[in-house]
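> please work out how this folds:
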Amino acid sequence: MEANPGEFPDAGPMPHPCVYREGAVTDLGNGEFTAKMFKPPTGWTAFFIDVQFDGYGSFNRVPLPGCHFTSEVAIVPDTMPFGACAPFGSAHCTRRLV
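Numbers count the residues shown, from 1 in each chain. Coordinates of the predicted model:
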């Protein structure tokens, strides 16, 4: 991931750190899990749940592979860093971030 924080506009893209940390996940049973992330003092944080299950048994003496699942990404807080661009389609508002 690259970004230019705006402090050095002539520097071009700069590496943007993406730090992965393990956190607490609660097993609700029946294959359901939940995690909570609190609003940081400034900026945003994003998280997702990544679960891996071992394979079960074998077929013709070949071990069956496990399963690997991830949730969708959640971003906290659920706000945009800027106001709405309006009217959409005008000379100063030609793109939309979804």
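
> pLDDT wise, what is the nearest residue to residue 54 once chain neighbours are set aside at?
Distances taken as C-beta to C-beta, 6 or more residues apart in numbering put residue 66 closest to residue 54, at 4.8 Å, once the chain neighbours are dropped. C-beta here means a position set from N, CA and C on the backbone, and glycine is covered the same way. In the predicted model, residue 66 carries a pLDDT score of 82.

> cool, the one 10 residues further on as well?
For residue 76, the pLDDT comes out at 89.

> relative to residue 28, how far out is it?
Separation of residue 76 from residue 28 (C-beta to C-beta, to the nearest Å) stands at 20 Å.

> settle it for me: which of the two has more neighbours?
residue 76 (14 against 9; other C-beta atoms under 10 Å).

> hang on, the more buried one packs against residue 41?
No. Here residue 76 does not reach residue 41: they are 11.9 Å apart, not a contact under C-beta atoms under 8 Å.
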